[in-house]
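> what would the 3D arrangement of this be:
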Amino acid sequence: EKVRAQIILLGQDVRVESVTVRDEDWYRVLVGPFADRARLDQAQKALSASGYKNLLLQQRQAR
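Residues are numbered from 1 along each chain as shown. Below is the predicted model:
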């Protein structure tokens, strides 16, 4: 939740997903969605400048 709040302060839409793996809780912080690649690039630069490592994931559209 702390990371989520910090990223919100950067002006990004963010949500947290959790999962339990081998009795251990893991959390994924997701930022977006983005309307286009330019906005994605801007967000990645802002996150990187604030010290966040990021990985681009693309969600599949529901059918």
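> please make it C-alpha for all contacts and neighbour counts, starting now.
Fine.
> give me the neighbour count for residue 34.
Counted with other Cα atoms under 10 Å, residues neighbouring residue 34 total 13.
> do the same with residue 44
So residue 44, with other Cα under 10 Å, has 18 neighbours.
> so it is in which element?
According to DSSP states H and E, residue 44 maps onto helix 37-49.
> okay, buried residues for that helix please.
40, 43, 44, 46, 47 (16 or more other Cα atoms under 10 Å).
> which residue ranges of this structure form strands?
14-21, 24-31 (DSSP state E).
> could I get the ones you listed as CSV with mean neighbour count, mean pLDDT and distance to residue 3?
CSV is the format used below for these (neighbours: other Cα atoms under 10 Å; pLDDT from 0 to 100; distance: least, Cα to Cα, whole Å):
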stretch, mean neighbour count, mean pLDDT, distance to residue 3
strand 14-21, 11, 93, 9
strand 24-31, 13, 92, 8
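> just put those in CSV and tack on distance to residue 6.
Below are the strands of the chain laid out as CSV (distance: least, Cα to Cα, whole Å):
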stretch, distance to residue 6
strand 14-21, 10
strand 24-31, 11
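> out of those strands, nearest to residue 58?
Closest approach to residue 58 among the strands of the chain is made by strand 24-31 (10.6 Å; Cα to Cα).
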